[in-house]
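S.K.: Below: sequence and its predicted model.
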Amino acid sequence: SRGLGDVYKRQVSTQSTGKWREMINFVILVSRQGKTRLTKWYQPYAPKEKTKIIREITSLVLNRAPRLCNFLEWKKYKIVYRRYASLYFIVGIENEDNELIMLEAIHHFVEILDRYFGNVCELDLIFNFHKAYFILDEVVMAGELQETSKKTILRVISQQDALQDAPNEQKRDL
């Protein structure tokens with residue numbers, strides 16, 4: 001069976017011909033109550049525009065029936081979302097981009113969060129938002145999927161944790 005990396009590599013190989021370019025414009029994590037837990041923007045937007053985008057997309061996603069598909073068209077974007085427990089993971093992509101790859105990318109991100117936090121929950125993201133951003137930055141960079149290996153991402157994150165803990169250990173020794 002082919003994984004996300006194989007599909008993505010196949011798509012990227014056609015990128016040089018100019019026929020395909022996967023672009024994530026934004027990632028938004030929202031609770032069922034409509035509270036924004038994480039946002040990451042890969043295109044420049046004014047602060048008021050960001051607020052408007054979050055409000056409109058959150059309203060669209062939260063008001064959809066659970067049995068409807070996880071894709072919807074909104075303005076010039078395609079919105080791909082998936083609900084995990086009490087959080088909605090929402091990605092805004094270009095209209096011509098592949099929705100199924102984005103669903104896989106969302107699932108990939110959630111699996112990494114789950115492994116790192118050990119059964120991730122909304123509180124983990126609230127109190128460790130900087131770790132969630134770091135993990136997202138390892139998965140997606142400049143709006144494109146960067147790393148598909150969970151082991152590699154978790155190794156890099158553990159190295160980052162070790163670097164953050166090193167100054168604290170030196171302070172205790174003094």
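M.R.: Happy to help now that I have it. Numbering: from 1, shown residues only.

S.K.: Quick check: buried residues in the strand or helix carrying residue 109?
M.R.: Using DSSP states H and E, residue 109 sits in helix 99-117. Residues 99, 101-106, 108-110, 112-113, 115-117 are the ones in helix 99-117 that count as buried (16 or more other CB atoms under 10 Å). C-beta coordinates here come from the backbone N, C-alpha and C atoms, glycine included.

S.K.: how about the CA coordinates for it, as CSV?
M.R.: Taking only C-alpha atoms (Å, rounded to 0.1, in the frame of the first residue of the first chain), the coordinates of helix 99-117 have been written out as CSV:
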residue,chain,number,x,y,z
GLU,A,99,-8.7,17.3,-1.3
LEU,A,100,-7.8,13.7,-0.5
ILE,A,101,-4.2,14.5,-0.1
MET,A,102,-5.1,17.3,2.4
LEU,A,103,-7.3,14.9,4.3
GLU,A,104,-4.3,12.5,4.6
ALA,A,105,-2.1,15.5,5.6
ILE,A,106,-4.6,16.4,8.4
HIS,A,107,-4.6,12.8,9.6
HIS,A,108,-0.8,12.7,9.4
PHE,A,109,-0.6,15.8,11.6
VAL,A,110,-3.1,14.4,14.1
GLU,A,111,-1.2,11.1,14.3
ILE,A,112,2.0,12.9,15.1
LEU,A,113,0.3,15.0,17.7
ASP,A,114,-1.2,11.9,19.2
ARG,A,115,2.2,10.1,19.4
TYR,A,116,3.9,13.1,20.9
PHE,A,117,1.3,14.0,23.5
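
S.K.: what helices or strands is the helix or strand just after it leaning on?
M.R.: Following helix 99-117 in sequence order, the next helix or strand is helix 122-127 (DSSP H and E). Under the contact definition 3 or more CB pairs under 8 Å, 6 or more residues apart in numbering; DSSP states H and E, helix 122-127 sits against strand 36-41, helix 99-117.

S.K.: how many neighbours does the spatially closest residue to residue 88 that is not a sequence neighbour have?
M.R.: Once flanking residues are discounted, residue 88 sits nearest to residue 30: 4.8 Å by CB to CB, 6 or more residues apart in numbering. Residues within reach of residue 30, counting by other CB atoms under 10 Å, total 23.
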